[in-house]
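Asker: Predicted model and sequence below, questions to follow.
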Amino acid sequence: MNILFVCSAKSWGGNEKWTTMAMKTLSEQHHIFFFGRKKKLAENFGSGYIKAFAPMIAYFDLYSFFKAWHFVKRNRIDCIVSTKKKEYFIFGIISRIMKIRHLIRLGIVRDMNRPLWHNLVYNKLNDGIIANAHRIEKNLRSAPFMMNKPVFVLYNAIPGLSGLLSIKKEVPDKFTIISTGMLTRRKGFHILTEAVAALPDNMKQNIKVVYIGQGREKEDLETQISSSVLNQTIKLAGFQKEPSSFLRKASLFVLLSENEGISNALLEAMACGVPVLTTDSGGSTEFIDSGQNGFIVERNAETVANKLIELIQMPNNILKDIGKSGQKTVSGLFAEEVFRKNLFEIFNS
């Protein structure tokens, strides 16, 4: 089967990691093609695939539509896998006209609050949805027009899981908090910054906070950090292709997302044995039992600050045991062999 993966990303993140792993896995039995937006990201998706690129700047981008049309026709594509919103529409139209299969990958909870549009994009223009959390499926099913839609829940695999599980933790000189993700409001870096600013002064002097990632909120975060007099406490490390060098020195990983599916960054931290603090967004509560293998917190600065005070003062051996429990959880649920088996079942059915 000729399978086309579409990813119109402008930068690298969890969705792109999933796409890369799915392409690599399915290439064992199928011919894989790739259609993207940024040539400079192309090599990250792997080599050996026929690739093409288009701007994909809008839902009604005619240039991208016709370029994609010719690519699909020329390479006799049997199935398209779209991974972002604009692609759902553009390649959905192509798939209906050309009468070929179209699956969409959804890695975040979407509210079905625009019935006509969402019925078209999430129901009519595809043959099924691959979601990475049961909560996403539940939310989709809340719309009457989605009740009978094929939805496949496929947990993410953690790339390089065996290496992360065997990582040797280092004892940092200060209590070190790591947060990773796109620098956007949705990821909650501004809330974490506000929470850190609310900590007692003597505690701020004995902790270190590192934000790993890039994005449109970088300048706003720099301004917030500076105005909160946290330049000596919070550092922006930029994009890191391999954040494990930071995670090995982490005392705590924090992700305060407003909306998620299941975050790859969260899973990678847990795989490294780092205790995690996150919000009840997406599928986090499907595998985190708060206080046992991680911590769930409400998404507001005051509550987060109080929880940070509690965790910073918690005996190290207790935090370490919680990190180990989290590591055991992800090694069972998010292993590559589990992902591989379930992915082949979807595409071979």
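Answerer: Looks like it arrived, so ask away.
Asker: From now on I want contacts and neighbour counts done on CA atoms only, so please keep to that.
Answerer: Fine.
Asker: Show residues contacting stretch 227-235.
Answerer: 197, 204-205, 207-211, 225 (CA atoms under 8 Å, 6 or more residues apart in numbering).
Asker: so who does residue 302 touch?
Answerer: Residue 302 neighbours (CA under 8 Å, 6+ apart): 195, 198.
Asker: From the centre of the protein, point out the most distant residue.
Answerer: residue 202 (34.5 Å; CA atoms, centre = their mean).
Asker: What are the phi and psi values at that one?
Answerer: Main-chain dihedrals, residue 202, degrees, to the nearest 10: phi -70, psi -30.
Asker: Quick check: it vs residue 249, distance?
Answerer: From residue 202 across to residue 249, the span is 21 Å (CA to CA, to the nearest Å).
Asker: now residue 287
Answerer: Residue 287 sits at a distance of 24 Å from residue 249 (criterion: CA to CA).
Asker: more crowded one of these two?
Answerer: Using other CA atoms under 10 Å, the more surrounded residue of residue 287 and residue 249 is residue 249, with 20 against 14.
Asker: Count the neighbours of the nearest residue to that one once chain neighbours are set aside for me.
Answerer: Closest residue to residue 249 apart from its sequence neighbours, by CA to CA, 6 or more residues apart in numbering: residue 170 at 5.1 Å. Applying other CA under 10 Å, we find 13 residues neighbouring residue 170.
Asker: pLDDT value on residue 170, please?
Answerer: With respect to pLDDT, residue 170 has a value of 85.
Asker: Kindly report the same for residue 122.
Answerer: Note for residue 122: predicted pLDDT of 97.
Asker: where along the protein do the helices fall?
Answerer: With DSSP state H, the ranges of helices along the chain come out as 14-26, 62-74, 85-98, 115-119, 134-141, 161-165, 189-197, 201-204, 218-227, 244-247, 264-271, 301-313, 316-333, 336-348.
Asker: of all the ones you listed, which gets the most neighbours per residue?
Answerer: Of all the helices of the chain, helix 264-271 carries the top mean neighbour count, a mean of 25, counting by mean count of other CA atoms under 10 Å.
Asker: Give me the helices and strands touching that one, please.
Answerer: helix 161-165, strand 252-255, strand 276-278, helix 316-333 (3 or more CA pairs under 8 Å, 6 or more residues apart in numbering; DSSP states H and E).
Asker: from the middle of its chain, how far away would that helix be?
Answerer: Using CA atoms, centre = their mean, to the nearest Å, the mean C-alpha position of helix 264-271 is found 10 Å from that of the whole chain.
Asker: same deal with stretch 342-349?
Answerer: The chain centroid and the centroid of stretch 342-349 are separated by 22 Å under CA atoms, centre = their mean.
Asker: residues in contact with it?
Answerer: With CA under 8 Å, 6+ apart, stretch 342-349 has contacts from 22, 26, 152, 154.
Asker: hang on, the earlier thing: confidence score at the residue farthest from the centre of the chain?
Answerer: Per-residue pLDDT puts residue 202 at 94.
Asker: Could you measure from it over to residue 172?
Answerer: Distance, residue 202 to residue 172, using CA to CA: 18 Å.
Asker: can you check residue 272 too?
Answerer: Using CA to CA, we find residue 272 at a distance of 15 Å from residue 172.
Asker: higher neighbour count, these two?
Answerer: The residue with more neighbours, out of residue 272 and residue 172, is residue 272; 26 against 13, by other CA under 10 Å.
Asker: which ones are touching the more buried one?
Answerer: Residue 272 is in contact with 164-167, 169, 244, 247-248, 327, counting by CA under 8 Å, 6+ apart.
Asker: If we only consider these, which is nearest to residue 59?
Answerer: Among those, residue 244 lies closest to residue 59 (CA to CA), at 36.9 Å.
Asker: Now do the contacts for that closest one.
Answerer: 164, 272.
Asker: try 7 Å
Answerer: By CA atoms under 7 Å, 6 or more residues apart in numbering, the contact set of residue 244 is empty.
Asker: what does residue 171 give?
Answerer: Here residue 171 is in contact with residue 249 (CA under 7 Å, 6+ apart).
Asker: Same question for the one 4 residues further on.
Answerer: Contact analysis of residue 175 by CA under 7 Å, 6+ apart lists 206-208, 251.
Asker: Would you format these as a markdown table with pLDDT, neighbour count and distance to residue 57 included?
Answerer: Shown next, in a markdown table, are these (pLDDT from 0 to 100; neighbours: other CA atoms under 10 Å; distance: CA to CA, whole Å):
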| residue | pLDDT | neighbour count | distance to residue 57 |
| --- | --- | --- | --- |
| 206 | 94 | 13 | 46 |
| 207 | 97 | 19 | 42 |
| 208 | 97 | 19 | 39 |
| 251 | 97 | 27 | 40 |
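Asker: what bridges to residue 152?
Answerer: residue 130 (DSSP bridges).
Asker: That one and residue 185: what is the separation?
Answerer: Separation of residue 152 from residue 185 (CA to CA): 29 Å.
Asker: same check, this time on residue 308
Answerer: Counting by CA to CA - residue 308 and residue 185 are separated by 20 Å.
Asker: Please apply the same query to residue 330.
Answerer: From residue 330 over to residue 185 (counting by CA to CA), the distance is 27 Å.
Asker: circling back: most widely separated two among the contacts of stretch 227-235?
Answerer: So, the contacts of stretch 227-235 by CA to CA: farthest apart are 205 and 211, at 17.4 Å.
Asker: so who does the closest residue to residue 67 other than its chain neighbours touch?
Answerer: Spatial nearest neighbour of residue 67, excluding adjacent residues (CA to CA, 6+ apart): residue 54 at 7.1 Å. Contacts for residue 54 (CA under 7 Å, 6+ apart) come out as 36-37, 64.
Asker: I appreciate the help and will end here.
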